[in-house]
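In: next come a sequence and a model predicted from it.
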Amino acid sequence: MKDASTMAARRTEILDRIAAASRQAGVPEPQLIAVSKVQPDDRVRAALAAGQTVFGENRVQEAQGRWGERFAHERDRLELHLIGPLQTNKAKEACALFDVIQTLDREKLARALLKAADRVGRMPRLMVQVNIGEEDQKSGLAPDDLGTFLDRLDAEYGLRPEGLMCIPPLEAPAAPHFWRMEKLANAHGLDGLSMGMSADYETAVAFGATHVRVGSALFGAREPV
């Protein structure tokens with residue numbers, strides 16, 4: 001999308017809907033994360049021109065090419081979230097590039113992140129991914145394993161994530177899963193909740209989302225590869 005005014009209008013509409021949902025639920029407004037994964041640079045440029053400063057990427061290598069190279073001049077004013085699975089062999093690059101890693105889900109990755117943080121001199125903020133629908137094909141912790149995992153992160157590694165992240169099953173209503181995520185966060189004293197995407201972010205707001213990850217509603221349909 002080369003029309004910056006179209007992008008600005010879409011972003012304003014999304015922010016207005018977030019604000020309305022927050023008012024109705026009596027909760028603070030969440031942060032809008034623009035999911036820029038696989039989007040062409042002209043759309044990302046339009047989002048930047050519209051004032052968007054928080055972006056989410058799925059793959060470390062793709063994010064490096066965009067934010068470490070082509071848009072490196074913008075990097076200092078932005079907040080970047082990794083919202084896709086992270087392999088341990090990419091931990092160093094992820095620590096160097098991202099401000100928040102939302103997909104911590106195993107001890108091996110926690111160890112890799114600590115080693116990487118020592119090397120690059122910075123540790124991103126962390127969120128734990130919960131496989132809230134307990135789907136075999138998705139990453140994340142089973143909800144019943146969350147407490148033990150958080151305890152081990154604290155005791156063994158000195159890591160205290162700021163919140164939880166989830167991707168509910170596509171074929172099921174999202175609200176029950178968001179409700180359960182809110183209960184899990186409250187039970188474990190976590191403030192952050194990254195949940196809700198283009199089709200259901202207003203529902204996520206009602207259940208206390210602090211971050212919503214919006215792609216197609218902001219950028220439009222992905223272009224054919």
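Out: Noted; the coordinates are in hand. Predicted model only: the values in this text are computed from it and were never measured.

In: what's the following helix or strand after the longest helix along the chain?
Out: Counting by DSSP state H, the longest helix found in the chain is helix 4-25. As assigned by DSSP states H and E, the chain's next helix or strand after helix 4-25 is strand 31-35.

In: for residue 25, see how far away the nearest residue to residue 214 once chain neighbours are set aside is.
Out: Ranked by C-beta to C-beta, 6 or more residues apart in numbering and with sequence neighbours excluded, the top spatial neighbour of residue 214 is residue 198, at 5.3 Å. In short, each C-beta sits where N, CA and C put it, glycine included. Applying C-beta to C-beta, to the nearest Å, the value for residue 198 to residue 25 is 19 Å.

In: ok so, going back, and the residue nearest to residue 214, which of the three is it?
Out: coil (DSSP: H, G, I helix; E, B strand; the rest coil).

In: grab the most central residue of this structure for me.
Out: The structure's the chain has its C-alpha centroid closest to residue 83; by C-alpha atoms, centre = their mean the separation is 4.4 Å.

In: where does residue 118 fall, secondary structure wise?
Out: Assessed by DSSP H and E, residue 118 sits inside helix 107-120.

In: hmm, back to that, hang on, the residue nearest to residue 214 packs against residue 215?
Out: Yes - Residue 198 lies in contact with residue 215 (C-beta atoms under 8 Å); the separation is 5.8 Å.

In: circling back: ok, for the residue nearest to the centre of the chain, nearest residue in space, not its chain neighbours?
Out: Ranked by C-beta to C-beta, 6+ apart and with sequence neighbours excluded, the top spatial neighbour of residue 83 is residue 56, at 4.3 Å.

In: roughly how far apart are the residue nearest to residue 214 and residue 217?
Out: 4 Å.

In: before we move on, what about residue 113?
Out: As for residue 113, its distance to residue 217 is 31 Å (criterion: C-beta to C-beta).

In: ditto for residue 160
Out: Using C-beta to C-beta, residue 160 is found at 32 Å from residue 217.

In: looking at the two, which one has more neighbours?
Out: residue 217 (17 against 11; other C-beta atoms under 10 Å).

In: tell me which helix or strand that one sits in.
Out: Assigned by DSSP H and E, residue 217 falls in helix 216-219.

In: check which helices and strands that helix is in contact with.
Out: The contact analysis (3 or more C-beta pairs under 8 Å, 6 or more residues apart in numbering; DSSP states H and E) places helix 216-219 against helix 4-25, strand 31-35, helix 41-49.

In: what about the last one, average pLDDT?
Out: Summarised as a single mean, pLDDT over helix 41-49 is 96.

In: following element in sequence after that helix, please.
Out: Heading C-terminal from helix 41-49 (DSSP H and E), you reach strand 54-57.

In: what's the spacing between that next one and its chain's center?
Out: Taking the mean of its C-alpha atoms, strand 54-57 sits 7 Å from the chain's own mean (C-alpha atoms, centre = their mean, to the nearest Å).

In: can you list the strands that it pairs with?
Out: Taking DSSP bridges as the criterion, strand 54-57 pairs within the sheet with strand 31-35 (parallel), strand 79-82 (parallel).

In: can I get the ones you listed in a markdown table with mean neighbour count and distance to residue 61?
Out: Output for the strands paired with strand 54-57, formatted as a markdown table (neighbours: other C-beta atoms under 10 Å; distance: least, C-beta to C-beta, whole Å):
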| stretch | mean neighbour count | distance to residue 61 |
| --- | --- | --- |
| strand 31-35 | 22 | 17 |
| strand 79-82 | 22 | 12 |
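
In: could I get those strands as TSV with mean pLDDT and distance to residue 63?
Out: TSV is the format used below for the strands paired with strand 54-57 (pLDDT from 0 to 100; distance: least, C-beta to C-beta, whole Å):
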stretch	mean pLDDT	distance to residue 63
strand 31-35	98	12
strand 79-82	98	7
